[in-house]
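A.B. asks: This is the structure alone, sequence omitted:
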């Protein structure tokens, strides 16, 4: 158990307390189950917190879990992906599902490519466009209707 | 006997064989597409069958149902994106095998186990349907509540490394399942006053987000998702043999029985069955890799979720009680063609029902052939460059989440759960308990509330009633065993390591 675990147990504890008090504002039948679950969750979080404190007192934190390093690169790459997906979702109403998907997926595929040269970019673009368009029309064939955009 | 033979021969008409092949293929494709369920495919394709005779219509719809149950495992194994909720448990061992370069082995076992699960459940449907349907009536609110707890007990075996984290994730899943309207009074809770959340958080986008989007984040940020090319190429030369069909006979049988029982109980489904079966399988398996990349784990999940097909058809055909949404639509198809469910269906409408049941055998055989012959080629999908695969997974996940209800908010839910899954994964929290909590939360709450109504709100009364009902006693024993056994095995393993060191 590490310090990160300790902080997370506190966050979960606060979350379960919030749910418990939120449940109190509901009627009896709607509140009983979430209250029951949040109490169990709270007890479990406290066990986690006390276990850390107990080990801290005994200075026995040898069994600490090794976490992957969360560096700037990971955060930036993840944020890039989230932002592209959010822009994609937002642009569907303007560009239509197919066109916005083609742009978004192509950006994602090109951004995360390992080799960067014109040949690779062209290959990625062709493959991605064919698969995206193919899957889109397959779903259309299966009866799914996608939102149309103002432009396309 | 002669009657059965003539009905069997009627199944083998050219038209019937064509629609079985078509239905199985459509089902396998639909099952493999995340978010596109068999229920949706059957609902869309029912109008095609309007002009067909009742028997052909049922055969076609049944083949789709069978094919989709198998198809869900393909993407679960290859890209960690379960095509159906029932295939979510398959990702545990299936995707781990893919990462080890053994995807063909996983796909083969998935096809074989699906075949056995389906065959055994159809045999039960054929011979024991009416008597089993009566037995299912013994499952009251208490039994259903304990069944949900039994399902949740899987968390213990899935989180032996850190049970506390697993249990907290289980609670989180249970709380996510409470979003929407409460099952007794229909009052809204945790909806932030939005109409979208009134129906609760849809399981499929959440599961897609937790599994596939989390995987994409992992894949773009480190090399763990990369599959060694040489492993797949090496495995390509391994040919399927007849032995593959009988590799885990006890697992096929045990998991099929679990799937059939779960299928008979209305309100449950393939997702519950596959997790339960995976948990029970862990108690019996001698494979040390079970849960971390074992073909037996894949077999346990797939045999169970495919056995649900026959199981759910038992109350549907004999009592007119659909076991799940898919059989509810099938029931609609049945009544559209002027058929009434019940015992009479097996006597006066035998010429319709028996060819349908026999066709399920053929559908099983077909997806076995597709699975065995195609496994080698499906496995090649894992050789796709990581960036293209990530892009495709994002696109498929988005389309899959959107197509369920045609609601863009489902895509946002998928993204939120994807981010949540990735953050939790970074802090070594397991995602599976959240999914389990979400699947079983509603069932646990509903049955507990029903039981509370029966005992005037007394929890003590419910507790005492557990020990007066034989099925409850059996379930309590199973729960105790499934919690205690993994702890015992883990302790034993640790003490052995300590002794050695």
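C.D. replies: Cool, the structure landed. Note that the structure is predicted; figures quoted are calculated from it, not measured.

A.B. asks: Am I right that residue A:126 falls within a helix?
C.D. replies: Yes. Looking at residue A:126 with DSSP: H, G, I helix; E, B strand; the rest coil, it is inside a helix.

A.B. asks: and the gap between it and chain B?
C.D. replies: For residue A:126, the distance to chain B equals 11 Å [C-beta to the nearest C-beta, to the nearest Å]. C-beta here means a position set from N, CA and C on the backbone, and glycine is covered the same way.

A.B. asks: okay, residue B:230: pLDDT?
C.D. replies: For residue B:230, the model assigns a pLDDT of 47.

A.B. asks: Can you pull up the most central residue in chain A?
C.D. replies: Nearest to the geometric centre of chain A sits residue A:82, at 8.4 Å (C-alpha atoms, centre = their mean).

A.B. asks: next one: the helix or strand harbouring that one to chain centre, how far?
C.D. replies: Using DSSP states H and E, residue A:82 sits in helix A:72-95. Taking C-alpha atoms, centre = their mean, to the nearest Å, the mean C-alpha location of helix A:72-95 is offset from the chain mean by 12 Å.

A.B. asks: in it, what's buried?
C.D. replies: Going by neighbour count (16 or more other C-beta atoms under 10 Å in any protein chain shown), the buried part of helix A:72-95 is A:74, A:78, A:81-82, A:84-85, A:88-89, A:91-92, A:95.

A.B. asks: Same list (the residues you listed) but as a markdown table, adding pLDDT and distance to residue B:309.
C.D. replies: Shown next, in a markdown table, are the buried residues of helix A:72-95 (pLDDT from 0 to 100; distance: C-beta to C-beta, whole Å):
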| residue | pLDDT | distance to residue B:309 |
| --- | --- | --- |
| A:74 | 82 | 43 |
| A:78 | 88 | 40 |
| A:81 | 91 | 37 |
| A:82 | 92 | 39 |
| A:84 | 92 | 40 |
| A:85 | 92 | 35 |
| A:88 | 92 | 37 |
| A:89 | 89 | 36 |
| A:91 | 91 | 41 |
| A:92 | 88 | 36 |
| A:95 | 89 | 41 |
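
A.B. asks: So which of the residues you listed reach chain B?
C.D. replies: Restricting the buried residues of helix A:72-95 to those touching chain B (C-beta under 8 Å from any C-beta of the partner chain) yields A:74, A:78, A:81-82, A:85, A:88-89, A:92.

A.B. asks: if we can go back for a sec, contact partners of the helix holding residue A:82?
C.D. replies: Residues outside helix A:72-95 that contact it (C-beta atoms under 8 Å, 6 or more residues apart in numbering or on different chains) are A:100-101, A:103-104, A:107-108, A:111-112, A:147, A:149-152, B:216-217, B:220-221, B:394, B:398, B:408, B:411-412, B:415, B:419, B:422.

A.B. asks: Stretch B:275-295 now?
C.D. replies: Against stretch B:275-295 from outside (C-beta under 8 Å, 6+ apart): B:88-89, B:92-93, B:96-97, B:99-100, B:102, B:105-106, B:108-109, B:150-151, B:153-154, B:157-158, B:247-248, B:250-251, B:254-255, B:258-259, B:262, B:296-297, B:300-301, B:303-304, B:436, B:439, B:481-482, B:485-486.

A.B. asks: let's go with 7 Å and repeat that
C.D. replies: Stretch B:275-295 has contacts (C-beta atoms under 7 Å, 6 or more residues apart in numbering or on different chains) with B:89, B:92-93, B:96-97, B:100, B:105-106, B:109, B:150-151, B:154, B:157, B:251, B:254-255, B:258-259, B:262, B:296-297, B:300-301, B:303-304, B:436, B:482, B:485-486.

A.B. asks: Pull out the buried positions in that stretch.
C.D. replies: Residues of stretch B:275-295 classed as buried: B:275-282, B:285, B:287, B:290-291, B:293-295 (neighbour count, 16+ other C-beta under 10 Å).

A.B. asks: In three-state terms, how would residue B:289 be classified?
C.D. replies: Residue B:289 ends up coil, using three-state DSSP.

A.B. asks: tell me which parts of the stretch 51-200 of chain B are close to chain A?
C.D. replies: When proximity is defined by C-beta under 7 Å from any C-beta of the partner chain, the stretch 51-200 of chain B lies next to chain A at B:164, B:167-168, B:171, B:174-175, B:178, B:182, B:184-185, B:187, B:189-190.

A.B. asks: okay, these in CSV with pLDDT and neighbour count next?
C.D. replies: Conversion of these to CSV gives the following (pLDDT from 0 to 100; neighbours: other C-beta atoms under 10 Å in any protein chain shown):
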residue, pLDDT, neighbour count
B:164, 86, 16
B:167, 89, 22
B:168, 92, 29
B:171, 93, 29
B:174, 93, 28
B:175, 94, 23
B:178, 93, 27
B:182, 87, 22
B:184, 80, 18
B:185, 82, 12
B:187, 86, 13
B:189, 91, 20
B:190, 90, 18
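
A.B. asks: Good, wrapping up.
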